[in-house]
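output the structure for:
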Amino acid sequence: MVMDILAIDIQNVAFNYPGNTGTFFSHFNLQIAKGERFGLFGPNGAGKTTLMNLMTGLLPFPEGNIKLLGHEMKGNHKKINKLFGFVPQDFSFYHELSPVENLEFFGAWSGLNKQQIRTRTTELLEILGLTDVRDEQVQNFSGGMKRRVNLAIGVIHNPSILFLDEPTVGVDVQTRHAIINYLLELNESGTTLIYTSHQLSEAEALCERVAMIDSGKIIAHDTLPNLLAEHDQGGLEGLFLNLTGKDYRN
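Residues are numbered from 1 along each chain as shown. Model prediction:
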């Protein structure tokens, strides 16, 4: 892991949804090193998905600055978009198309040429076990197969940073295992992973460093072993409850 280069540098960002009183994020700061496997965790409504959407440019922010690999987000969206991939919780493909057709579309949208798209599509379908269904409509796939298509689209252009919002929700154990192993391989090849999930046992296997957020604020940020030792916890679930409480969240 290269510690002297920041994949993400968030400085004094402020954000609030229209109509809400107060400020959801205020003077928010976060740095994530290039090559890290970084986890964002917190209860429902804590701001995890909002923060992902700010880091990927899906939400504008009125104050502060966000840099991806040294490039300022404001005014550089075209260049920034080529640096990262995003695997959202909601499926981000055309259900009536096949995996090949989806990857052709999103590969072209990412700026790849036809040969690059063909090569990358063949490679990803093989890695993610979708070769046999490459020409079938995605709408007929199981939930686990759809998750793998979602992941393939997110990495079609070999991004340097990969954002993952609940990438394995609703899948079986085999699919979850395969996806996590592939993500670890991506990280070994240099891809920075920024991940959020409610699958805390999965997160322990994937994340090196974590940030716990609640109500738009970071309440803990360190390596997972350091946080577990500091709070005398044996796992991420205990740490989560210790820091965010056991009460119901809406």
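
low-confidence ranges in this structure?
In the predicted model of the chain, residues 1-4, 21-23, 246-250 satisfy pLDDT under 70.

strands of that one, start to end?
Applying DSSP state E to the chain gives strands spanning 6-15, 25-33, 37-41, 63-68, 71-72, 84-87, 161-165, 192-196, 209-214, 217-223.

for the longest one, buried residues please.
Across strand 6-15, burial judged by 16 or more other CB atoms under 10 Å covers Leu6, Ala7, Ile8, Asp9, Ile10, Val13, Phe15. Every C-beta, even on glycine, is put in place using the N, C-alpha and C of the backbone.

let me have those in a markdown table, extended by distance to Leu103.
Shown next, in a markdown table, are these (distance: CB to CB, whole Å):
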| residue | distance to Leu103 |
| --- | --- |
| Leu6 | 30 |
| Ala7 | 25 |
| Ile8 | 27 |
| Asp9 | 31 |
| Ile10 | 31 |
| Val13 | 33 |
| Phe15 | 33 |
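
of the residues you listed, closest to Ala220?
Ile10 (16.6 Å; CB to CB).

for that closest one, give the beta-bridge partners.
Taking DSSP bridges, one obtains Leu30, Ile66 as the residues bridged to Ile10.

and the one 5 residues further on, by the same measure?
Under DSSP bridges, the beta-bridge partners of Phe15 are Phe25.

show me the contacts for it.
When contacts are counted by CB atoms under 8 Å, 6 or more residues apart in numbering, Phe15 touches Thr23, Phe24, Phe25, Phe28, Thr50, Leu54, Leu59, Phe61, Pro62.

restricted to buried residues, select the residues you listed in ChimeraX.
Only the buried entries of the contacts of Phe15 go into this ChimeraX selection, using 16+ other CB under 10 Å:
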select :24,25,28,50,54,61
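
next, format the contacts of Phe15 as a markdown table and append distance to Asn158.
Below are the contacts of Phe15 laid out as a markdown table (distance: CB to CB, whole Å):
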| residue | distance to Asn158 |
| --- | --- |
| Thr23 | 37 |
| Phe24 | 33 |
| Phe25 | 30 |
| Phe28 | 29 |
| Thr50 | 27 |
| Leu54 | 24 |
| Leu59 | 25 |
| Phe61 | 27 |
| Pro62 | 33 |
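
quick check, nearest of the contacts of Phe15 to Ala205?
Thr50 (25.6 Å).

just the endpoints, please. Distance across stretch 72-84?
Taking CA to CA, to the nearest Å, the first and last residues of stretch 72-84 lie 13 Å apart.

how much distance is there from it to the middle of the chain?
Here stretch 72-84 is found 16 Å from its chain centre; the criterion is CA atoms, centre = their mean, to the nearest Å.
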